[in-house]
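Participant: no letters, just coordinates:
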């Protein structure tokens, strides 16, 4: 499928999504009645069909599953407490409508199946049935062991809507906090809701359930273990061991807030103090509350000095405190750790001499609190939530109605992970909800504790997400590794505004962003990052900015917008890049073709003296061809020209002057000029903010190997 066809297909899908959105804003009408027996039969056919398709794909490795999902700001999240809601049944509902102030209690009667969300067939207390599509509950979309026939749950403020392709109504749930799962053995609660018909009579022996929960824990079935520990606690709420066991289980699923509360409860009920303090310390560490974690581990060691695990945890906590307070990071270790697949680093956040401030005409941004020298560490930030393409089997077509563009599986999974993290650790909600969510969202709206505002999270993610862009230069003398899409939501970095001529540069270490000043910055000056690469052709940059709803007014954009040759240069360089790659093994052909293009390219720059990006790209592509053709002097000439063009500009990181220095060092090494090699290594090391030569060796092993 060519680009034109893909574009038309995407535009058609956007149009369909907007039509569906419009349909779900129409005047509500009474919900049509459905025959329960016919619906159950239809459901069995659907689940059988889904199962057969999954089996076919799993057996035939050549088949790829393609799915589509829509992200919009229209989705609903209930912000009321359950106690404020009144019951409703399916026969009293309207479509399309969010039934505010009401709740529906229901039971699953059909096997679940996954598309992008999880689809289930439910019945209400009257026996009426409806399909429910549940989104954002699990990062692993095909994981269905958490819901099954017999599961009883409450939907807060149920949203009955039309499907994206038809006028068939179904319930849709987008927020994990909109559902309350009910233990079917809880007679008291079910009876209170007039749903005792779904009560299942079982033993009320807390010890029996503790043993069953322990078995689930040992099998790493943590979800089931939590349900059963809660059941045991209901039957014996004073048993401290149950709270300790639940705390440990919560730690296994990163539910740090609940892990802390359970360990604290165990301590108050006279439970094992050593275990309780250790789990409170672990939970505090997971919540990134380093001072509190250190307090608990220190208290534990004062009474139990032989606890080696606590001693090790206190050591790690001390490292985190040093990182947070002084910006003392082990970047070499971070670099090595970042090479792991889907690397998630264990580091603290650091905020240097910067602060969030109101910027005239821009809203919030980042300014310097004092004069800052080039190369100064400004911030280190671990992603609040991340998503990775390889975690989604198949192809996902995401229609993003917030930004009017497409999206990737990684972006959708990042949204799901953000909601899961908020559910597990609600104390972090305030800093997340404070992020920019579009001009139509009230910045100071207070979201009740524990509520997941799904629409707001989607909007925040759409407007603030980053992808790791610490990609190697196309013009390096090394190999380019396989690249995969990823998506990260950071807190502090989201406040940096954009400039193509940014005065700060970001580097990614797995799910951690490190930001350094690239030039000297005066106290009070705004500090910016580049949201998109300035190497993108101007019209493409402009489109990207439109999705964020702003116009970049930097000097580069001003010059590019008035340059009649800008598109022509981009086309010339792009076409030559394709040719150079195809003829990499025959450098003479690359040189012959490249010199002709270079001559024409220089002619287009007669009236332009600044930011000759395409010229630098051509020189960077031609230099390795000359090097491979045993002409290091010509390679040196072209690389030195690149450095002269951009070394003292804000674009030196975009053009990869550090890489140019390293490549230049390769050339000088080939002619035996070791003095020049050392000078270039020093310069490249400073540009890469290396802590020492060992750090430099990690970044550029090929050059170091040649030197040795």
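Facilitator: That came in fine, so what should we check first? Computed from a prediction, not measured in an experiment: that's the story for all the values here.

Participant: now do the contacts for residue 666.
Facilitator: Residue 666 makes contact with 477, 627, 702-703, 706, according to Cβ atoms under 8 Å, 6 or more residues apart in numbering. Where C-beta positions appear, they are placed from N, C-alpha and C, glycine not excepted.

Participant: can you give me the strands in the stretch 501-650 of the chain?
Facilitator: According to DSSP state E, counting those that start in this stretch, the stretch 501-650 of the chain carries its strands in the segments 504-509, 512-517, 526-529.

Participant: of the ones you listed, which is nearest residue 631?
Facilitator: Closest of those to residue 631 is strand 504-509, at 32.5 Å (criterion: Cβ to Cβ).

Participant: what residues does stretch 414-423 touch?
Facilitator: Stretch 414-423 has contacts (Cβ under 8 Å, 6+ apart) with 71, 136-139, 175-177, 254-255, 384-387, 428-429, 432, 452, 454, 457-458, 460-461, 465, 487-489.

Participant: show me the contacts for the closest residue to residue 617 other than its chain neighbours.
Facilitator: What sits nearest to residue 617 in space, not counting adjacent residues and going by Cβ to Cβ, 6 or more residues apart in numbering, is residue 573, at 5.2 Å. Residue 573 sits next to 597, 601, 614, 617-618 when contact means Cβ under 8 Å, 6+ apart.

Participant: neighbour-wise, which of these leads?
Facilitator: In terms of neighbour count, residue 618 stands highest of these at 27 neighbours, by other Cβ atoms under 10 Å.

Participant: and the pLDDT for the residue lying closest to that one once chain neighbours are set aside?
Facilitator: Leaving out its chain neighbours, the residue that sits closest to residue 618 by Cβ to Cβ, 6+ apart is residue 598, at 5.2 Å. With respect to pLDDT, residue 598 scores 97.

Participant: number of nearby residues for residue 598?
Facilitator: Residue 598 is flanked by 19 other residues according to other Cβ under 10 Å.

Participant: go on, residue 234?
Facilitator: Neighbour count for residue 234, taken as other Cβ under 10 Å: 17.

Participant: try residue 455
Facilitator: Neighbours of residue 455 under the rule other Cβ under 10 Å: 20.

Participant: over to residue 662?
Facilitator: 28.

Participant: that one is in contact with residue 700, isn't it?
Facilitator: Yes: counting by Cβ atoms under 8 Å, residue 662 touches residue 700, with 5.2 Å between them.

Participant: now do the shared contacts for the two.
Facilitator: residue 684.

Participant: need the contact list for the closest residue to residue 532 other than its chain neighbours.
Facilitator: Distances taken as Cβ to Cβ, 6+ apart place residue 544 nearest to residue 532, at 4.7 Å, with adjacent residues excluded. Residue 544 makes contact with 531-532, 536, according to Cβ under 8 Å, 6+ apart.

Participant: just those now: which is nearest residue 304?
Facilitator: Of the contacts of residue 544, the one sitting nearest to residue 304 (Cβ to Cβ) turns out to be residue 531, at 50.1 Å.

Participant: contacts only, for the nearest residue to the closest one once chain neighbours are set aside.
Facilitator: Distance criterion Cβ to Cβ, 6+ apart; nearest residue to residue 531, sequence neighbours excluded, is residue 498 at 4.3 Å. Applying Cβ under 8 Å, 6+ apart to residue 498 gives the contacts 528-532, 545, 548, 550, 552.

Participant: which of those residues lies closest to residue 168?
Facilitator: For the contacts of residue 498, the nearest to residue 168 is residue 548 (35.7 Å; Cβ to Cβ).

Participant: count of neighbours near that closest one?
Facilitator: Residues lying near residue 548 (other Cβ under 10 Å) number 16.

Participant: count the residues that sit near the closest residue to it other than its chain neighbours.
Facilitator: Leaving aside its chain neighbours, residue 548 sits nearest to residue 463 (6.5 Å; criterion: Cβ to Cβ, 6+ apart). Neighbourhood size, residue 463 [other Cβ under 10 Å]: 18.

Participant: secondary structure element for residue 463, which one?
Facilitator: Residue 463 is located in helix 454-464, with elements delineated by DSSP states H and E.

Participant: just the helices in the stretch 401-550 of the chain please.
Facilitator: 409-424, 429-433, 454-464, 538-547 (DSSP state H, counting those that start in this stretch).

Participant: which of those has the lowest average pLDDT?
Facilitator: helix 538-547 (a mean of 90).

Participant: now it against helix 454-464, angle please.
Facilitator: 150 degrees (axes from the mean of the first three to the mean of the last three Cα atoms, to 10 degrees).

Participant: and helix 538-547, how far from the chain's centre?
Facilitator: Once both centres are worked out by Cα atoms, centre = their mean, to the nearest Å, helix 538-547 turns out to sit 22 Å from its chain's centre.

Participant: likewise stretch 692-702?
Facilitator: Per Cα atoms, centre = their mean, the centroid offset for stretch 692-702 relative to its chain is 29 Å.

Participant: need the residues that contact it.
Facilitator: By Cβ under 8 Å, 6+ apart, stretch 692-702 touches 331-332, 335-336, 477-478, 662, 666, 681, 684-685, 688, 690, 704.

Participant: if any of the residues you listed are buried, put those into a ChimeraX selection.
Facilitator: A single ChimeraX command selects the buried members of the contacts of stretch 692-702 (16 or more other Cβ atoms under 10 Å):
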select :331,332,335,477,662,666,681,684,685,688,690
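
Participant: ok, so of the contacts of stretch 692-702, who is nearest residue 43?
Facilitator: Nearest to residue 43 out of those is residue 336 (Cβ to Cβ; 50.5 Å).

Participant: how far away is the closest one from residue 330?
Facilitator: Per Cβ to Cβ, to the nearest Å, residue 336 is found 10 Å from residue 330.

Participant: most surrounded residue in the contacts of residue 544?
Facilitator: residue 531 (20 neighbours).

Participant: just checking, that one touches residue 554?
Facilitator: No: between residue 531 and residue 554 there is no contact under Cβ under 8 Å: 11.6 Å.

Participant: and the longest helix along the chain, what's buried?
Facilitator: Criterion DSSP state H: the longest helix present in the chain is helix 36-59. By 16+ other Cβ under 10 Å, the buried positions in helix 36-59 come out as 36, 39, 43, 46-47, 50.

Participant: what helices and strands are in contact with it?
Facilitator: strand 113-114, strand 118-123, strand 129-134 (3 or more Cβ pairs under 8 Å, 6 or more residues apart in numbering; DSSP states H and E).

Participant: thinking again about what came up before, among the helices of the stretch 401-550 of the chain, which comes closest to residue 167?
Facilitator: With Cβ to Cβ as the criterion, residue 167 lies closest to helix 454-464 of those, at 23.2 Å.

Participant: what angle separates that closest one from helix 409-424?
Facilitator: With the same axes, to 10 degrees applied, the angle from helix 454-464 to helix 409-424 works out at 130 degrees.

Participant: just checking the distance from helix 454-464 to the centre of its chain.
Facilitator: The answer for helix 454-464 is 11 Å, by Cα atoms, centre = their mean.

Participant: now residue 150, what's its secondary structure?
Facilitator: The assignment at residue 150 comes out as coil when based on DSSP: H, G, I helix; E, B strand; the rest coil.

Participant: neighbours of it, how many?
Facilitator: If you count neighbours by other Cβ under 10 Å, residue 150 ends up with 11.
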